[in-house]
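K.L.:
I'll drop the sequence and a predicted model, then ask my questions.
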Amino acid sequence: MTKWFFYFLCASWISLFCNNSVVAFVQKLSPPDATALDWFFRNCAQSFGGYVLYGDKPMALEYLFAKEEQSLYFSEATHAKMKAFKILKEWSQHCEDAEYPILFCKYANTQHMILINRKAFVKTVNQNLPLFRYILGHKLTAEALLLELIKNQDHFYDVLQDNNTLIGILLGYGTHNSLIVSRQEFLLQQETGHFENFPFAKAISQAKPMLGFASIEEELQSLACFKSSRDLKDFSTFEIPLFGCEPDSEETTALLATYEKNREHLLTHVQQDNFMEKTLEKLFTTLSGKVRIPPLPKPSTFRLDDKKALSRQFAEIIVQDAKRQKPLLHAFLHGAADRERGIRMKPCERSEDACLDDTCIVERQLKSCQCLIKASHAMKQVSAKKDWSCLIKDNLYSKRLQQGFGPQASQKIKTATFHISYRLGTETRWQDCKTIVHTPLSQLIPGVAHALIGMRAGEEREICLHPRYAYGMSAAAPQVLFVRLQLMEFEEGDTEATFAPPCLLEDQFSRSNLDDKFKPLPFYNLDSCSHEALIDHRNALKSKINNIKKCSFYNYGIYFLDTLKENKIEIDFAEFRNCMHPDAQQSTFRDLEHMNQFISDFKLYLFHERARQGVCGTFLDYWLSSLNSKAQWNGPTSDAIPFDGPVVGEVFVGRC
């Protein structure tokens, strides 16, 4: 007993100490850089990364929304995360022999950081080697795959063939869970139609149910029993990795037990004062056990002592943020003036409309409305032409290009074979000519299906479809669609054909309020609006966007002055107001990169000061970031986005 207690005591003491070179390195970091890294590592520990560095998780994803332009109203937490990403990316240039390689790649509009536990990664691949070889090649080895991912990290998902099953396994969700849940995700993703599926209403119509199921719907229903891992092991802090799983399987039970044990180990390390040093030591350690110290980040050139220079720099950034729009600049100065008179911004006083309204959502609503106005106008033009006949008023018109022969296709048509091509209303080139063979009408977009009724074999028609009879708002460019059809043959049935229903013409939006519950925003019933009503609604939405932006910049002015006063930063206000002009030509920055660097340095300075005072990542940051469509909340506690349904956690956190 004494022997084991001695070993435990020694292990505890050893864990308190770090490599001297790492300690010296951390001491040389600038205070803002050290604060940003320490916060980021603790944030990762509460998300997914901690289970890689201090547990058995093979791999974890952290992501950051890519932003070419930075802004003063992006939260300090966002800037701290961006800085941490930048530093770690520089340090990970040569990580082929690292125990914990860090990779970076871009995916859609996000930048992904992939943190890998080499030992767990190799073990996991070897345990599933037949499956990995089946998908990636029969000569694959775990070590070779890891080296390929490191060398081609910009194409990380391409190397894995963007296979969600393999990615789920590497994320530590288990083989069975990853196989079944990725199948479920595949089926669910196919339910929405897109132009790449043309002329089918849904890609799922071409998918086949697995053995033992009569239909796709029956298969999906059988998968509804899968749950989120956090529903089975619920912790208020340092939650276990989030993934879809079969609740009663041996695999899930073993995984949850492992991650619960990892969590206990993680908690002991996070509570230590030298947590960042221990984390960096892991990241700097090579396969040979050597600690390789990277170069220090470039020092900041940010200065607070030149009032006039600061005034011109801040003014130029705000003019840039406002896109040189006078009403927004006036709103900003109004807010700054009110703050000077003692008015303070109080998040708790926000109205319900302010909580629900978001520039991004309203702009998407405006886009839907504008697309419908164009579609309505185009349909009116087509309906006025004498050689076009109406099939469905305001929605579907046709023009015969070539006569056919034999009987007409009736409402009881069972399947049809036809040639088809299409062009968007704004284009002149026809594309995507193909032959569709023996296809039920229920699988086609409703406009094409309805147009086939009444055609004869050999007949060719050109049809004009309103978006509601094509792909609605789910299309990349929702607008009028022109289609050319040539019916080759058809088969009649005993019952009338069924058609896919018309599409919704506005997106369903939701907005999170202060208690983290999602509330759906109401439809404006655009589908039933007349052309004139759509124009009125478009103008109202434009006005609403302008009001939201002016409110945002008014609050921005209060916040800006508040920030300066709280941090005792002095500027020349006369110079500041003079430079706050939309027509100002002279720039204080060399280029956009120089401006972004200044913003980053300033926000990191504020982040460090707030951290020193114990108030970093305040609600104010979230409030301000939520007022602008470009800003994203990257809060200080966790990057895991809550969701409903058993999806493969990180795979679709940032990748959808």
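P.N.:
In hand now; what should we look at?
K.L.:
tell me the pLDDT at the residue lying closest to E460 once chain neighbours are set aside?
P.N.:
Once flanking residues are discounted, E460 sits nearest to Q402: 3.8 Å by Cβ to Cβ, 6 or more residues apart in numbering. Heads up, the C-betas are built off the backbone N, CA and C, glycines and all. Looking at Q402, its pLDDT reads 95.
K.L.:
try I599
P.N.:
Value for I599, per-residue pLDDT: 90.
K.L.:
make sure it is indeed in a helix.
P.N.:
Yes. The assignment for I599 by DSSP: H, G, I helix; E, B strand; the rest coil puts it in a helix.
K.L.:
count the residues that sit near it.
P.N.:
22 (other Cβ atoms under 10 Å).
K.L.:
hmm, back to that, roughly how far does the residue nearest to E460 sit from K278?
P.N.:
Noted for Q402: a distance of 76 Å to K278, by Cβ to Cβ, to the nearest Å.
K.L.:
please apply the same query to A36.
P.N.:
Using Cβ to Cβ, one gets 18 Å for the distance from A36 to K278.
K.L.:
neighbour count for the two, which is higher?
P.N.:
A36 (31 against 20).
K.L.:
which parts of the stretch 551-656 of the chain are helices?
P.N.:
Along the stretch 551-656 of the chain, the segments classed as helices by DSSP state H, counting those that start in this stretch run 573-579, 592-613, 619-626.
K.L.:
next: the stretch 301-450 of the chain.
P.N.:
307-321, 326-340, 352-356, 359-383, 446-452.
K.L.:
could you do the stretch 101-250 of the chain as well?
P.N.:
118-127, 129-136, 142-151, 156-159, 164-170, 175-189, 216-222, 229-232, 250-270.
K.L.:
which regions of the chain sit below the pLDDT cut-off?
P.N.:
Within the chain, the segments meeting pLDDT under 70 span 1-18, 66-69, 190-196, 203-207, 345-359, 473-478, 506-528, 585, 614-656.
K.L.:
ok, now how distant is W430 from S421?
P.N.:
5 Å.
K.L.:
distance of the residue nearest to Q325 when sequence neighbours are not counted relative to E427?
P.N.:
For Q325, ignoring the flanking residues on the chain, the nearest one in space by Cβ to Cβ, 6+ apart is P582 at 6.9 Å. Here the criterion is Cβ to Cβ. By it, P582 lies 36 Å from E427.
K.L.:
ok, M82 next?
P.N.:
M82 is 39 Å from E427, by Cβ to Cβ.
K.L.:
same check on A470?
P.N.:
Relative to E427, and taking Cβ to Cβ, A470 is found at 14 Å.
K.L.:
neighbour count: these two, which is higher?
P.N.:
A470 (30 against 12).
K.L.:
show me how far stretch 331-347 is from its chain's centre.
P.N.:
33 Å (Cα atoms, centre = their mean, to the nearest Å).
K.L.:
send me it as CSV with only the CA atoms.
P.N.:
The C-alpha trace of stretch 331-347 is given here as CSV (Å, rounded to 0.1, in the frame of the first residue of the first chain):
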residue,chain,number,x,y,z
ALA,A,331,-25.5,57.1,-36.1
PHE,A,332,-22.0,56.2,-34.7
LEU,A,333,-21.2,59.8,-33.8
HIS,A,334,-24.7,60.2,-32.2
GLY,A,335,-23.9,57.1,-30.0
ALA,A,336,-20.5,58.5,-29.1
ALA,A,337,-22.0,61.8,-28.2
ASP,A,338,-24.7,60.2,-26.0
ARG,A,339,-22.0,58.1,-24.2
GLU,A,340,-20.1,61.4,-23.6
ARG,A,341,-23.3,62.7,-21.9
GLY,A,342,-23.3,59.6,-19.6
ILE,A,343,-25.7,57.2,-21.5
ARG,A,344,-24.5,53.7,-21.1
MET,A,345,-25.4,50.7,-23.2
LYS,A,346,-27.4,48.1,-21.2
PRO,A,347,-27.9,44.7,-22.9
